[in-house]
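> turn this into a model:
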Amino acid sequence: MDLLFTLLATVVALGLLVTIHEYGHFWVARRCGVKVLRFSIGFGSALCRWHDKRGTEFVIAAIPLGGYVKMLDEREGPVDEAELDQAFNRKDVKKRIAIVAAGPIANFLLAILAFWLVAVIGITTLAPVLGPVEPGSVAARAGLVQGLEVVEIDGAETRSWHDVNLQLIRRLGETGQMQVMAIDGPGATPQSYTLVLNDWLRGADQPDPIAALGLTSWRPEVPPLLGEISPDGAAEAAGLRSGDLIVSIDGEPVDNWLDQVVPAIQASPGEPLEIGIERDGQPMLLTVTPQSREQGGEISGFVGAGVAAFEWPEHMVRTIDYNPLVAIPFAAAKTWDMTVLTLDSLKKMLTGLVSAKNLSGPITIAKVAGASAKSGPESFLNFIAYLSISLGVLNLLPIPVLDGGHLVYYTAEWIRGKPLSERIQAWGLQIGLTLIVGVMLFAIYNDISRLG
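Here you go, the predicted structure:
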């Protein structure tokens, strides 16, 4: 069932992104007077097809990893003399630039829409209040301590741990100072802390910026009182019930669900654990063998039991939402910020500041799609926005085969007053195709390596 859900989430996400991208090309081509022969979502065998009144064939194909818009073009076959004025290659170079650029622009507009929806719907998240700080760490040397709330990093407001993580990602591989503003409780005056970075996480595989600084998130004392028990799970099979209070694991006393029970279970996939409980005031011993599952590329244990409901302190909870009008500039600004971050990350990857092993392919995209969809609509919309920005940036790279490569060709034609020679264009396409295939294979290799 999990696999089917992940596949469905992946198909929905990729299908939406590809459709919007190709529709951008299609919409502008039609308005520039270019005849569109085929609009295809996916590659391979056609699952269904139909034609509109203008004769365009619409296709949904079996492999949803891309798509294309095929336009009338003399370079791809003979064109009737009566339709020459509708051929792509006969259009003014400015119109051709507009048609090519429309695909990536559509992806950025989709990201703005997704961020706008998240802003209007609103999210409930936890304030970035620090838990124990690792002694001797970068954060500890700067004076950060447990209980402080991070409100700003390098001048950017941080209202959640997600915001904190994004700001830290911007500094990967760098040397210099990071300015952190933090408060010691609601209404307190922000204090400045200077963190010194030295080739921070340079070349690290799958870096964890928050942990690398020595930071943890504050967590309440949650008693290990069981709530919901999943049917057919390890907890039910062992006889655990809702309302049981866990008092020991393998003879070691426990009194905190988050800090003691969860880590012990996650660290013991397939290994029997002797669980001491109190049920209706009576002590009992039960043996539970956690099942195994993959989390973050590692195998961990789970028993199919949740903790009884508890409330976070009110000052720890943040509800972040915007009215529809204010959400528009917010969504546009966030799209711009994420675009700059994506370009900066590519630059750091090319210069070795960020490991190329962080490059992800379709397997990782599918896993993140499934996980974000399970987390709720806000998480899935954020995933779609980030992926749409990545697709837009990727397609604008000046590599022949991609939209950005065609834009380079047409811009050169606009400046020179004539197109580049067929030989140069063909040579560039061969190099671009080789480069793109190589990057795709490397990304898939990274995906497979993470599975191991």
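
> what's the distance between Ile63 and Ser390?
Ile63 is 20 Å from Ser390, where distance means Cβ to Cβ, to the nearest Å. (C-beta placed from N, C-alpha, C; glycine too.)

> neighbour-wise, which of the two wins?
Ser390 (20 against 10; other Cβ atoms under 10 Å).

> for His21, see how far away the more buried one is.
12 Å.

> what do you get for Ala114?
Ala114 is 14 Å from His21, by Cβ to Cβ.

> please apply the same query to Gly44.
On the measure of Cβ to Cβ, Gly44 and His21 end up 18 Å apart.

> more neighbours, these two?
Using other Cβ under 10 Å as the criterion, Gly44 and His21 rank with His21 on top: 27 against 11.

> now do the contacts for the nearest residue to the more buried one once chain neighbours are set aside.
Here the nearest residue to His21 in space, its sequence neighbours aside, is Gly103; by Cβ to Cβ, 6 or more residues apart in numbering that works out to 4.6 Å. Each residue near Gly103 by Cβ atoms under 8 Å, 6 or more residues apart in numbering is listed here: His21, Glu22, Gly24, His25, Asn395, Asp403.

> just the buried residues of those.
His21, Glu22, Gly24, His25, Asn395, Asp403 (16 or more other Cβ atoms under 10 Å).

> so which of those residues sit within helices?
His21, Glu22, Gly24, His25, Asn395, Asp403 (DSSP state H).

> need these in CSV with pLDDT and distance to Gly233, can you?
As requested, these are exported to CSV (pLDDT from 0 to 100; distance: Cβ to Cβ, whole Å):
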residue, pLDDT, distance to Gly233
His21, 96, 42
Glu22, 95, 44
Gly24, 97, 46
His25, 96, 49
Asn395, 94, 44
Asp403, 93, 48
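
> where in this protein is pLDDT low?
1, 295-297, 452 (pLDDT under 70).

> just the helices in it please.
2-31, 93-121, 138-142, 161-169, 209-212, 234-238, 262-266, 324-351, 362-375, 377-396, 403-416, 422-451.

> would you list those helices in JSON lines and tack on distance to Trp312?
Putting the helices of the chain into JSON lines (distance: least, Cβ to Cβ, whole Å) gives the following:
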{"stretch": "helix 2-31", "distance to Trp312": "28"}
{"stretch": "helix 93-121", "distance to Trp312": "20"}
{"stretch": "helix 138-142", "distance to Trp312": "23"}
{"stretch": "helix 161-169", "distance to Trp312": "13"}
{"stretch": "helix 209-212", "distance to Trp312": "19"}
{"stretch": "helix 234-238", "distance to Trp312": "24"}
{"stretch": "helix 262-266", "distance to Trp312": "16"}
{"stretch": "helix 324-351", "distance to Trp312": "25"}
{"stretch": "helix 362-375", "distance to Trp312": "18"}
{"stretch": "helix 377-396", "distance to Trp312": "18"}
{"stretch": "helix 403-416", "distance to Trp312": "46"}
{"stretch": "helix 422-451", "distance to Trp312": "32"}
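
> out of those helices, the one nearest Phe310 is which?
helix 262-266 (13.6 Å; Cβ to Cβ).

> residues in contact with that closest one?
Contacts of helix 262-266 (Cβ under 8 Å, 6+ apart): Ile249, Asp250, Val254, Leu273, Pro290, Gln295, Ser300, Gly301, Phe302, Val303.

> and with 7 Å instead?
Ile249, Leu273, Pro290, Ser300, Gly301, Phe302, Val303 (Cβ atoms under 7 Å, 6 or more residues apart in numbering).

> between which two of the residues you listed is the distance greatest?
Longest span within the contacts of helix 262-266, Cβ to Cβ: Ile249 and Ser300, 15.5 Å.

> residues contacting Leu350?
By Cβ under 7 Å, 6+ apart, Leu350 has no neighbours at all.

> repeat for Glu152
Counting by Cβ under 7 Å, 6+ apart, Glu152 has contacts Thr158, Met181.

> now do Thr194
Ala142, Gln177, Gln179.

> please apply the same query to Lys367.
Thr6.

> Leu17 too?
Going by Cβ under 7 Å, 6+ apart, the list of residues near Leu17 reads Asn107, Leu387, Ser388, Leu391.

> save those residues as TSV, and put in neighbour count and distance to Pro329 too.
Below are these laid out as TSV (neighbours: other Cβ atoms under 10 Å; distance: Cβ to Cβ, whole Å):
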residue	neighbour count	distance to Pro329
Asn107	26	19
Leu387	22	22
Ser388	28	19
Leu391	22	23
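
> which of those sits closest to Ala267?
Scanning these for proximity to Ala267, where the rule is Cβ to Cβ, the winner is Leu387, at 32.7 Å.

> now that closest one: how far from Phe302?
Leu387 is 28 Å from Phe302, by Cβ to Cβ.

> repeat for Ala308
Taking Cβ to Cβ, one finds Ala308 at 17 Å from Phe302.

> one more: Ala119?
Applying Cβ to Cβ to Ala119 and Phe302 gives a distance of 34 Å.

> those two: which has the busier surroundings?
Between Ala119 and Phe302, Ala119 has the larger neighbour count (other Cβ under 10 Å), namely 22 against 18.

> quick check: nearest residue in space to that one, chain neighbours excluded?
Using Cβ to Cβ, 6+ apart, the closest residue to Ala119 is Ala327 (3.8 Å).

> spit out the contact partners of the one you found.
Trp116, Ala119, Val120.

> roughly how far does it sit from Ala373?
22 Å.

> give the burial count for Leu441, as a bare number.
11.

> before we move on, what about the one 10 residues further on?
Leu451 is surrounded by 10 other residues when neighbours are defined as other Cβ under 10 Å.
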